[in-house]
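Asker: turn this into a model:
(2 chains)
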2 protein chains.
Amino acid sequence: MERAIDTLIEDLKKMILLMGGHVEKSLAQATAALLSKDLSMFDGVHAIEKLVNEDHVKVDNACMQLLAKQGPVAKDLRLILSVIKINNDLERMGDQAVNISYTGKDYLGRRPIPAQLGDIQKMSEIAGRMVKGSLDSFVRGDIEQAKQILMMDDEVDHLKNKVFKDCLAHMKAHSEDVEAGLDLILIARNLERLGDHATNIAEDVIFAFTGKDVRHGGKFG
Amino acid sequence: MERAIDTLIEDLKKMILLMGGHVEKSLAQATAALLSKDLSMFDGVHAIEKLVNEDHVKVDNACMQLLAKQGPVAKDLRLILSVIKINNDLERMGDQAVNISYTGKDYLGRRPIPAQLGDIQKMSEIAGRMVKGSLDSFVRGDIEQAKQILMMDDEVDHLKNKVFKDCLAHMKAHSEDVEAGLDLILIARNLERLGDHATNIAEDVIFAFTGKDVRHGGKFG
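Answerer: You can find the predicted model right below:
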């Protein structure tokens, strides 16, 4: 027999997926604007962020209603607490996409350093897959997929280090490009943070479905 | 008559204050290490972060117990949901202090750019006051104090912009110092994020005690 709370939790999952779709789109659009040098596309990122912020408030309210009216315990409670955290991570991912678009706008006004953009693109693609994958793992309760997200984060960190190193070398050799180099470093940093948020989500998924706390070096599997 | 839940909520507040104390201490220590050029002090930051992480798990568990066993509603529920979020923000502030200590260690291995350290020190002091103030406002339910935190964040942002500008100018003129300049820029960025987390806490306080959602440009008093 289906419980009323099951339907409400399914609704919550749908809201989170919708929100995740908005976050993915804002990240993809910020990166596409940077790569295609299309300033007008950055405005789209801000429009999507509004949706993410609306989603954020809606999910929070839905969780509060659910807690107040259904008095969930055990697995249901863990799941709702995870949604509260996932919601926050998604909202901050939206902020990172907006940060990328601000810095990207600055970057497009300067002499470009095209050699670094390939790595930035790769980072953005992996981060996008991490957002999608972490939410898929949540909706399906797929612990294995959640663990994969934790590993993808290492790739993002590796690429970030590479962008830092290459940009610094370029800035050293071309002092007229220090601003452009810093812009790309900051964008790489934003992408790294996006990956970190997806990692947080994956950790929350593992906690929600197994009760195991893998944050702060906790072991799993 | 005192309700059982009141005592539990008081305990929760004490845990949050203790955790906040650890975060303040790690920030102060990371900055002091940087300013006094004392590498060994950075290790202390990592030791404190362990405590912050333990606090984080403890607070989360206490909130879950409270939700499961007391079935709180209305103001109590809002307060507990705020604690869950404040807990996350504090934990990430601890991460920022650790980031400062990693970058600070790198910086101390390079030729120094002492002219920028005054602003970094100011930023750290304001961020420290923001951590303390935001938690005080939470424990006392002091909305006016929470609003002050939102204003202090503007000061931190202003100083961050100044550090960025000054470091970039220095890096342009002294290409051998691009790494050191970037280190200070990244530290300024970490301090800005610390301020952002305190701002999140202040917004949560306003929500917990008034029910008004001031995030995403929502208006207040």
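
Asker: next SSE downstream of the helix ranked longest in chain A?
Answerer: Determined from DSSP state H, the single longest helix within chain A is helix A:74-108. Downstream of helix A:74-108, the next assigned helix or strand under DSSP states H and E is helix A:117-140.

Asker: after that following helix, which helix or strand is next?
Answerer: Following helix A:117-140 toward the C-terminus (DSSP H and E): helix A:143-173.

Asker: next, the angle from that following helix to helix B:143-173.
Answerer: If you take axes from the mean of the first three to the mean of the last three Cα atoms, to 10 degrees, helix A:143-173 sits at 50 degrees to helix B:143-173.

Asker: quick one: buried residues of helix A:143-173?
Answerer: A:143, A:145-150, A:152-153, A:155-156, A:159-160, A:163-164, A:166-168, A:170-172 (16 or more other Cβ atoms under 10 Å in any protein chain shown). Yep, even glycine has a C-beta here, placed from its N, CA and C like the rest.

Asker: stretch A:68-83 too?
Answerer: Neighbour count says stretch A:68-83 has A:70-72, A:76-83 buried, by 16+ other Cβ under 10 Å.

Asker: and those residues, which two are furthest apart?
Answerer: A:71 and A:82 (17.5 Å; Cβ to Cβ).

Asker: who does the longest helix of chain A touch, helix- and strand-wise?
Answerer: Applying 3 or more Cβ pairs under 8 Å, 6 or more residues apart in numbering or on different chains; DSSP states H and E, one finds that helix A:74-108 makes contact with helix A:4-36, helix A:39-70, helix A:117-140, helix A:178-210, helix B:39-70, helix B:74-108.

Asker: tell me the angle of the third one relative to helix A:74-108?
Answerer: Same thing as helix A:117-140. 160 degrees.

Asker: may I have helix A:117-140 as PDB, with CA atoms only?
Answerer: Taking C-alpha atoms only, helix A:117-140 is exported to PDB below (Å, rounded to 0.1, in the frame of the first residue of the first chain):
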ATOM      1  CA  LEU A 117      40.200  27.100 -22.800                       C
ATOM      2  CA  GLY A 118      40.300  23.400 -23.700                       C
ATOM      3  CA  ASP A 119      40.900  22.500 -20.100                       C
ATOM      4  CA  ILE A 120      38.200  24.800 -18.900                       C
ATOM      5  CA  GLN A 121      35.800  23.200 -21.300                       C
ATOM      6  CA  LYS A 122      36.800  19.700 -20.100                       C
ATOM      7  CA  MET A 123      36.300  20.800 -16.500                       C
ATOM      8  CA  SER A 124      32.900  22.200 -17.300                       C
ATOM      9  CA  GLU A 125      31.800  19.000 -19.100                       C
ATOM     10  CA  ILE A 126      32.900  16.800 -16.200                       C
ATOM     11  CA  ALA A 127      31.200  19.200 -13.600                       C
ATOM     12  CA  GLY A 128      28.000  19.000 -15.700                       C
ATOM     13  CA  ARG A 129      28.100  15.200 -15.700                       C
ATOM     14  CA  MET A 130      28.700  15.300 -11.900                       C
ATOM     15  CA  VAL A 131      25.600  17.500 -11.400                       C
ATOM     16  CA  LYS A 132      23.500  15.100 -13.500                       C
ATOM     17  CA  GLY A 133      25.000  11.900 -12.100                       C
ATOM     18  CA  SER A 134      24.800  13.000  -8.400                       C
ATOM     19  CA  LEU A 135      21.100  13.800  -8.900                       C
ATOM     20  CA  ASP A 136      20.400  10.600 -10.800                       C
ATOM     21  CA  SER A 137      22.100   8.600  -8.100                       C
ATOM     22  CA  PHE A 138      19.800  10.400  -5.600                       C
ATOM     23  CA  VAL A 139      16.600   9.800  -7.400                       C
ATOM     24  CA  ARG A 140      17.300   6.100  -8.000                       C
END
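
Asker: got the angle between the longest helix of chain A and helix A:178-210?
Answerer: 170 degrees.

Asker: how far does helix A:74-108 sit from its chain's centre?
Answerer: 6 Å (Cα atoms, centre = their mean, to the nearest Å).

Asker: got the buried residues for it?
Answerer: Neighbour-count burial for helix A:74-108 flags A:76-105, A:107-108 (criterion: 16+ other Cβ under 10 Å).

Asker: try stretch A:204-221
Answerer: Within stretch A:204-221, judged by 16+ other Cβ under 10 Å, the buried ones are A:204-209, A:213-215.

Asker: close to chain B: what parts of chain A are there?
Answerer: Within reach of chain B by Cβ under 8 Å from any Cβ of the partner chain, chain A has these residues: A:53-54, A:56-57, A:60, A:63-64, A:67-68, A:71, A:73-74, A:77-78, A:81, A:84-85, A:88, A:164, A:168, A:171-173, A:175-176, A:178-179, A:182, A:185-186, A:189, A:213, A:215-216.

Asker: just for chain A, where's the confidence low?
Answerer: A:1, A:217-221 (pLDDT under 70).

Asker: do that again at 50, thanks
Answerer: Applying pLDDT under 50 to chain A flags the ranges A:219-221.

Asker: picking up where we left off before, ok, of the buried residues of stretch A:68-83, which one's closest to chain B?
Answerer: Closest to chain B out of the buried residues of stretch A:68-83 is residue A:71 (4.3 Å), distances taken as Cβ to the nearest Cβ.

Asker: give the contact list for the closest one.
Answerer: residue B:71 (Cβ atoms under 8 Å, 6 or more residues apart in numbering or on different chains).

Asker: that one and residue A:18, how far apart?
Answerer: Separation of residue A:71 from residue A:18 (Cβ to Cβ, to the nearest Å): 26 Å.

Asker: do the same with residue A:137
Answerer: Noted for residue A:137: a distance of 17 Å to residue A:18, by Cβ to Cβ.
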